[in-house]
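Novice: sequence unknown, structure follows:
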């Protein structure tokens, strides 16, 4: 089975802190994604990566950056956390960039910024 | 870009009844339509998908139908059970590469025992 793990289930940070959210997949997938999930807004794509060191902006990249130094690991970085970044963050991966490839999701990290 | 609308936002059904969730999409070039189920405390998981060259697909108690002309697709759950209670997301993607999905806002389904 594909496994996507996220470093923390719950995280509490202060405004202005630099925050790292880590995601690891164990199936040698090429594509990885970061979404945020907010009530009434569904899943919104922040960034995705189709190869090591490659990244593309999603729909809401402002205030975020990403890093993919190794194929299995995709990090989401909040350079200076703000209260409006309080959310559930979901990581996903897919085998390739093919249109019909299944995206496999991690359990999510619920981030609270105080 | 693609815009996916999902209705209704909440659906309550009696156990054993059927549930239907509808989604519309805006980009006529979209050709892949997956449905994800998110149980409490978990990430979304793919339950069924359909490609644009197919009108209907079934998998046990769940089915998805696609109307390309009207640009809408629906998830049908028959003989609902308590374990069907979850949030369901529809999504759409087009032939643009990179497996980028546009998700609907989600639908909370509650199955009443």
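Specialist: Sure, I can see it. Note that this is a predicted model, so its numbers are computed, not measured. Numbering: from 1, shown residues only, chains lettered A, B, ... in the order given.

Novice: CA atoms for contacts and neighbours, from now on please.
Specialist: Will do.

Novice: flag the shaky bits of chain B, pLDDT-wise.
Specialist: By pLDDT under 70, the weakly predicted segments of chain B are B:95-98.

Novice: could you list the contact residues of it toward chain A?
Specialist: Remark: the part of chain B in contact with chain A comprises B:32, B:41-46, B:89, B:93-100, B:102-106, using Cα under 8 Å from any Cα of the partner chain.

Novice: how does it look with 10 Å?
Specialist: B:1, B:6, B:9, B:30-34, B:36, B:38, B:40-46, B:49-51, B:88-107 (Cα under 10 Å from any Cα of the partner chain).

Novice: narrow the residues you listed to those in strands?
Specialist: Counting by DSSP state E, the members of those that fall within strands are B:6, B:32-34, B:36, B:38, B:45-46, B:49-51, B:88-92, B:102-103, B:107.

Novice: write the PyMOL selection for whichever of the residues of chain B next to chain A are buried.
Specialist: In PyMOL syntax, the buried subset of the residues of chain B next to chain A is picked out as below (16 or more other Cα atoms under 10 Å in any protein chain shown):
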select buried, chain B and resi 6+30+31+32+33+34+36+38+43+44+45+46+49+50+51+88+89+90+91+92+93+94+98+99+100+101+102+103+104+105+106+107
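
Novice: just give me the neighbour total for residue 78.
Specialist: As the question left the chain open, I've gone with chain A. The local packing count at residue A:78 equals 19, with neighbours defined by other Cα atoms under 10 Å in any protein chain shown.

Novice: that's the other chain; I wanted chain B
Specialist: Using other Cα under 10 Å, residue B:78 has 16 neighbouring residues.

Novice: that one contacts residue B:19, correct?
Specialist: Yes - taking Cα atoms under 10 Å as the contact criterion, residue B:78 and residue B:19 are neighbours in contact, 6.6 Å apart.

Novice: between these two, which contacts overlap?
Specialist: Common contacts of residue B:78 and residue B:19 (Cα atoms under 10 Å, 6 or more residues apart in numbering or on different chains): residue B:62.

Novice: now the strands: where do they sit in chain A?
Specialist: Under the criterion DSSP E, strands of chain A are mapped to A:4-6, A:10-13, A:19-25, A:31-38, A:42-51, A:54-57, A:65-70, A:73-78, A:87-94, A:104-105, A:109-113.

Novice: how far off strand A:31-38 does the longest one point, in degrees?
Specialist: In this structure, strand A:42-51 runs at an angle of 160 degrees to strand A:31-38, with axes from the mean of the first three to the mean of the last three Cα atoms, to 10 degrees as the basis.

Novice: any idea how far residue A:48 lies from residue B:105?
Specialist: As for residue A:48, its distance to residue B:105 is 20 Å (criterion: Cα to Cα, to the nearest Å).

Novice: can you tell me the SS state at the closest residue to residue B:109 other than its chain neighbours?
Specialist: Sequence neighbours aside, residue B:11 is the residue nearest to residue B:109 in space, at 4.8 Å (criterion: Cα to Cα, 6 or more residues apart in numbering or on different chains). Look at residue B:11: counting by DSSP: H, G, I helix; E, B strand; the rest coil, its state is strand.
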